[in-house]
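>>> take this sequence and fold it.
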Amino acid sequence: MKSPAILIIDDESAIRSGVRLSFSDEGWSVDTSATGTDGLHQALAGQYDVILLDIKLPDISGMEILKTLRLKQPDAYVIMMTGFATVQNAVKALKIGAYDYIAKPFSSDEITQAVKKALENKHLKEDNLSLRKQLYQRYDFNQIVGEHPLIKNVFEAIKRVAPTDSTVLLDGESGTGKELFAGSIHAHSLRASRQFIVADCSTFSASLLESELFGHVKGAFTGAVHNKAGIFEAADGGTLFLDEVANLSLEIQGKLLRVMETLEYKPVGASHTRKSDVRIIAATNRNLKSMMKEGTFRQDLYYRMNVFPIFLPSLRERKEDIPRLAYHFLRFFCRKTGKKIDGFSDEALNQMVNHDWPGNVRQLKNVVERLVIMTDQTVVDSGSFMNHFETHRNQEKDPIPNTLEELKSVKRHLIEEQFARIEKAFLQKALDVDNGNITRASKRVGMQRSNFSALIKKHNIFADTVEK
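Below you'll find the model as predicted:
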């Protein structure tokens, strides 16, 4: 790690040599200047972590140098030094932009601690900027692939609500990217430099979830051998993403409502409330209005969460984005695995577009990852794609649907995947018998030529012998 670079601008040689000696013991790199003119030139030309600047210099006022540095190097950490310590000078220097102010005479420990404090602050700021940059990169809109109007509406809604502190409710099927969109809201908010914490409400029992959210005190229950901070305490000042809120018990719903309305919560077993300034982004894949009617979801909590609802479309509703997403994931997993796959065959891509994708974008991503691992060719063909689903079906333990929606999904799947292959074989056989002549083939099988041609295009049959 590079040692900190310090610049000392002071006309007193004793100060320069004494401070240099103290800082050398810390392993810091130290440059010095006896005049304001030379010191300003060095400050602007070099890359210094901290600049120690005397207010009273023989040629230029330290305040004037500070003003210049604030204009040309606004991120510079400047500590003012003076033998004329007054409150007015201190306030003026801090208003102009000095990080700190120290009065002469000072001890070696005092000046060393002042610089250490500045370095810690500088490193913390740099770390925050780095984390924020990583957050932007992970949750940037460029990471959310899609050009369909429905997904563009989502982008526009996020741009509008992100800079506010409003509660957001993300509504969409499983796998539509709710966490990714929640992260985008946080990354484009005023809280981006603070924590973004994800809490999946479906992974804990009701009793355990209360402790996870609000924490507990020692002795609150069997096994509580020490105080434990909850998610709300950890997320203070940042954003809390509550995924699958439909799984919350009515008791937890009531306590969550209190936090959202008053910013106060009580750890399990505690006698006093605590405060937490947290922005809530909630998500669900279930119909909360129906749950309200059934009495399983509180009406007041629903309206408190539903301040700014955003509907995330399923992949079926934006099929035009499937090729774009497929190639996005293909490039990603090729880089990750070091494999070189150029793309998908037309037939494989067509099958992807026509597939139902009940697991939405998450399922498509997983399928492409498996195809990249299993494919040894430069192009993913139709056979590779279909083999994935054959293997998947063989691994399923319970193929019987549990709901009407699942039954409809299975029906669509059977029609699109099973009948489609038979239909394509039927067309190919008819064309083979008539040497690719569409007119004769359609007449022989009893179909109108326009309908026969439309089916050929649907199945991407482009044999050289097919009549144009």
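
>>> any stretches of the stretch 51-200 of the chain with poor pLDDT?
84-87, 127-143 (pLDDT under 70).

>>> and the helices in it, which stretches?
With helices called from DSSP state H, counting those that start in this stretch, the stretch 51-200 of the chain shows them at 62-72, 87-96, 108-139, 149-161, 178-187.

>>> please apply the same query to the stretch 251-400 of the chain.
So, for the stretch 251-400 of the chain - with DSSP H, counting those that start in this stretch - the helices run 288-294, 299-305, 322-337, 346-354, 360-374, 382-395.

>>> same list, the ones you listed, but as a markdown table with mean pLDDT and mean neighbour count please.
Every C-beta, even on glycine, is put in place using the N, C-alpha and C of the backbone. Listed next are the helices of the stretch 251-400 of the chain as a markdown table, based on pLDDT from 0 to 100; neighbours: other CB atoms under 10 Å:
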| stretch | mean pLDDT | mean neighbour count |
| --- | --- | --- |
| helix 288-294 | 93 | 14 |
| helix 299-305 | 96 | 17 |
| helix 322-337 | 92 | 16 |
| helix 346-354 | 90 | 18 |
| helix 360-374 | 92 | 18 |
| helix 382-395 | 66 | 14 |
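
>>> who wins for proximity to Glu244 among those?
When these are compared by CB to CB, helix 288-294 sits nearest Glu244, at 11.3 Å.

>>> which of the helices of the stretch 51-200 of the chain is buried the deepest?
helix 178-187 (a mean of 23; mean count of other CB atoms under 10 Å).

>>> and it, what other elements does it pack with?
Under the contact definition 3 or more CB pairs under 8 Å, 6 or more residues apart in numbering; DSSP states H and E, helix 178-187 sits against helix 108-139, helix 149-161, strand 168-171, strand 196-200, strand 239-243, strand 279-284.

>>> domain-wise, how is the protein divided?
5-130, 140-311, 317-458 (automatic domain parsing).

>>> how many neighbours does Thr375 have?
Residues lying near Thr375 (other CB atoms under 10 Å) number 17.

>>> wait, it touches Ile341, no?
Yes - using CB atoms under 8 Å, Thr375 makes contact with Ile341 at a distance of 6.1 Å.

>>> Glu110 touches Ile102, doesn't it?
Yes - between Glu110 and Ile102 there is a contact under CB under 8 Å: 6.7 Å.

>>> quick one: Arg191 from Ile281, how far?
Using CB to CB, to the nearest Å, Arg191 is found at 11 Å from Ile281.

>>> so the two - more neighbours on which side?
Higher neighbour count among Arg191 and Ile281: Ile281, with 28 against 20, using other CB under 10 Å.

>>> the helices of the stretch 251-400 of the chain into TSV, with extra columns for distance to Gly18?
Output for these, formatted as TSV (distance: least, CB to CB, whole Å):
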stretch	distance to Gly18
helix 288-294	69
helix 299-305	61
helix 322-337	55
helix 346-354	72
helix 360-374	62
helix 382-395	73
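
>>> and of those helices, who's closest to Val445?
The nearest among those, by CB to CB, is helix 346-354 at 22.0 Å.

>>> just give me how far the closest one sits from the chain centre.
30 Å (CA atoms, centre = their mean, to the nearest Å).

>>> cool, and stretch 290-299?
31 Å.

>>> what's that stretch in contact with?
With contacts defined as CB atoms under 8 Å, 6 or more residues apart in numbering, stretch 290-299 is touched by Ala246, Leu250, Gln253, Gly254, Leu257, Leu288, Tyr302.

>>> burial of the closest residue to the second one other than its chain neighbours, as a residue count?
What that stands for is Leu250. Spatial nearest neighbour of Leu250, chain neighbours left out: Arg298 (6.6 Å); criterion: CB to CB, 6 or more residues apart in numbering. For Arg298, the number of neighbouring residues by other CB under 10 Å comes to 19.
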